[in-house]
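In: Starting from these lines, generate the structure:
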Amino acid sequence: MAARIEHLVTSGTFSLDGGTWDVDNNVWIVGDDSEAVVIDAAHDADAIAEALGDRTLRAIVCTHAHNDHIDAAPALAARTGAPILLHPDDLPLWKQTHPDRLPDGELTDGQQLSVAGVELTVLHTPGHAPGAVCLHAPELGTVFTGDTLFQGGPGATGRSFSHFPTIVESIRTRLLALPPETVVRTGHGDSTTVGAEAPHLQEWIDRGH
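Out: Numbering: from 1, shown residues only. Now for the predicted structure:
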């Protein structure tokens with residue numbers, strides 16, 4: 001059974017720097033009928049577990065440690081026994097949400113995660129958060145960008161732990177270097193492609209989000 005990508009949207013809140021906002025998050029499941037990984041266990045461990053069914057969960061991969069992307073990770077890990085993986089540069093953010101539960105493993109740039117016969121390559125793409133990563137799956141023609149790149153521009157950089165020049169450099173060097181037909185599956189909202197976003201890089205820089 002070939003690997004496939006499944007998608008669910010969960011709803012909750014995002015909190016940072018004293019503010020709280022209602023958000024809808026994309027949760028991505030990559031796998032086949034027997035095993036899978038979850039990218040960003042957001043808000044609702046029950047809904048994610050239901051979508052997984054009886055498949056073996058190999059890992060819970062965090063694109064970054066803002067609370068809306070990790071709030072359900074410990075509960076999902078407890079239910080499934082899967083390890084939570086996070087880039088260590090995001091540990092300060094992680095500890096704001098889960099001070100008593102550390103991730104189980106580290107993500108590193110260039111690391112490859114295997115599931116259902118496909119490889120997900122970790123790309124460290126700081127800017128939205130210091131430890132933000134994207135996951136490139138060339139066999140599936142896709143990259144999971146978390147909150148680094150959206151349809152229409154970079155992720156937000158107006159709050160703590162973020163930096164606009166850094167996110168632009170991450171997008172320019174790591175994401176826009178991918179094949180233009182690569183589908184960009186984001187942490188919130190609609191998907192896009194590398195080719196659709198690449199022409200707008202200079203506009204983003206000029207706007208200076």
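In: CA atoms for contacts and neighbours, from now on please.
Out: OK.
In: could you give the mean pLDDT of stretch 143-161?
Out: Averaged over stretch 143-161, pLDDT sits at 97.
In: can I have it written out in CSV, keeping just the CAs?
Out: This file holds the C-alpha atoms of stretch 143-161, laid out as CSV (Å, rounded to 0.1, in the frame of the first residue of the first chain):
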residue,chain,number,x,y,z
VAL,A,143,6.8,19.9,1.7
PHE,A,144,5.1,20.4,5.0
THR,A,145,6.0,24.0,6.1
GLY,A,146,4.3,24.5,9.4
ASP,A,147,4.1,28.3,9.9
THR,A,148,7.2,29.1,7.8
LEU,A,149,5.5,29.5,4.4
PHE,A,150,1.8,30.1,3.7
GLN,A,151,-0.2,30.7,0.6
GLY,A,152,0.7,34.4,0.1
GLY,A,153,3.8,34.8,2.2
PRO,A,154,5.9,34.0,5.2
GLY,A,155,4.7,33.1,8.6
ALA,A,156,4.3,35.9,11.2
THR,A,157,7.4,37.3,12.8
GLY,A,158,5.9,40.0,15.1
ARG,A,159,6.2,38.1,18.4
SER,A,160,8.8,36.7,20.7
PHE,A,161,11.4,34.3,19.3
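In: list the buried ones in it?
Out: Judged by neighbour count (16 or more other CA atoms under 10 Å), stretch 143-161 contains these buried residues: 143-151, 153-157.
In: do the same with stretch 71-83
Out: For stretch 71-83, using 16+ other CA under 10 Å, the buried residues are Asp71, Ala72, Ala73, Pro74, Ala75, Leu76, Ala77, Thr80, Ala82, Pro83.
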